[in-house]
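J.: mind looking at a prediction? Sequence and model below.
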Amino acid sequence: MTATHAAEFRFECPYAEMMYAVLAPEADSYPRERSRVHLSHDRCSVTLFVEAEDTAALRASLNMWLRLVNVCKEVLEL
């Protein structure tokens, strides 16, 4: 895969390590031909980096990952 499009998001929150622990298995098992995902974290933030071959693949990946982050955030804030 030759990635020509990319996006990076940094989510700052007090539960960053927990959010990373929840999302990391999804990133490890994200087999896509046209896109790749990389997650990293530190004490107070989670960084999501998505790269894709084309804009359609980037948009699809971002839709899924931003939705996952939002659900994770809502659950951790309960």
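T.: Cool, the structure landed. Numbering: from 1, shown residues only.

J.: give the contact list for the closest residue to Arg36 other than its chain neighbours.
T.: Spatial nearest neighbour of Arg36, chain neighbours left out: Glu51 (5.3 Å); criterion: C-beta to C-beta, 6 or more residues apart in numbering. Bear in mind the C-beta positions are built from the backbone N, C-alpha and C, glycine included. Residues counted as contacts of Glu51 (C-beta atoms under 8 Å, 6 or more residues apart in numbering) are Ala3, His5, Ala6, Ala7, Ser35, Arg36, Leu58.

J.: sort out which one of those lies nearest Asp42 for me.
T.: Ala7 (19.5 Å; C-beta to C-beta).

J.: that closest one belongs to a helix?
T.: No - according to DSSP: H, G, I helix; E, B strand; the rest coil, Ala7 belongs to no helix; its state is strand.

J.: coming back round to it: surely the residue nearest to Arg36 is in a helix?
T.: No - judged by three-state DSSP, Glu51 forms no part of a helix; its state is strand.

J.: how about a markdown table for the contacts of Glu51, with distance to Tyr20 added?
T.: What follows is these, written out as a markdown table (distance: C-beta to C-beta, whole Å):
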| residue | distance to Tyr20 |
| --- | --- |
| Ala3 | 22 |
| His5 | 24 |
| Ala6 | 20 |
| Ala7 | 18 |
| Ser35 | 20 |
| Arg36 | 17 |
| Leu58 | 22 |
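
J.: only the buried residues of the strand or helix carrying Val75, if you could.
T.: Using DSSP states H and E, Val75 falls within helix 55-76. Going by neighbour count (16 or more other C-beta atoms under 10 Å), the buried part of helix 55-76 is Ala57, Leu58, Ala60, Ser61, Leu62, Met64, Trp65, Leu68, Val69, Cys72.

J.: which residues sit against that helix?
T.: Counting by C-beta under 8 Å, 6+ apart, 5-7, 9, 11, 13, 15, 18-19, 22-23, 26, 32, 34-35, 37, 46, 48, 50-52 sit against helix 55-76.

J.: now, of those, which are buried?
T.: 5, 11, 13, 19, 22-23, 35, 37, 46, 48, 50-52.

J.: please state the offset of the helix holding Val75 from the chain centre?
T.: 7 Å (C-alpha atoms, centre = their mean, to the nearest Å).
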